[in-house]
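Visitor: here's my sequence, what's the structure:
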Amino acid sequence: MSILYENIKETKGLINTQAKSKAWYIVSMILAPVLMTLFMTIMVYIAVTISKQLKIQNSQFINTLEND
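Guide: The predicted structure follows:
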């Protein structure tokens, strides 16, 4: 009787583990694209900000050359 009980307990544990891993799989499938998009957005924002700063510095440099 106890062997049967142990088997049932083990099976329940396996089912719970499978459910947890499936939940994590679903969460990761949702979270991965969201995080990737967020990361790419931040990278593009940084790139645009840097290029704007460089344009401003470049135009100031050209103005100083023309004024001399």
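Visitor: do a quick rundown of the helices in this structure.
Guide: 2-67 (DSSP state H).
Visitor: count the neighbours of N58 for me.
Guide: The local packing of N58 (other CB atoms under 10 Å) involves 10 other residues. Any C-beta I mention is one placed from the backbone N, CA and C, and that applies to glycine too.
Visitor: can you give me every residue that contacts it?
Guide: By CB atoms under 8 Å, 6 or more residues apart in numbering, N58 lies in contact with nothing.
Visitor: can you tell me how far the residue nearest in space to the middle of the chain sits from N63?
Guide: With distances taken as CA atoms, centre = their mean, L35 lies nearest the centre of the chain, 2.4 Å away. When CB to CB, to the nearest Å is the yardstick, L35 and N63 sit 42 Å from each other.
Visitor: and if you look at S28?
Guide: Look at S28 and N63: by CB to CB, they are 52 Å apart.
Visitor: in this protein, where is pLDDT below threshold?
Guide: Low-confidence segments of the chain, defined by pLDDT under 70, span residues 1, 68.
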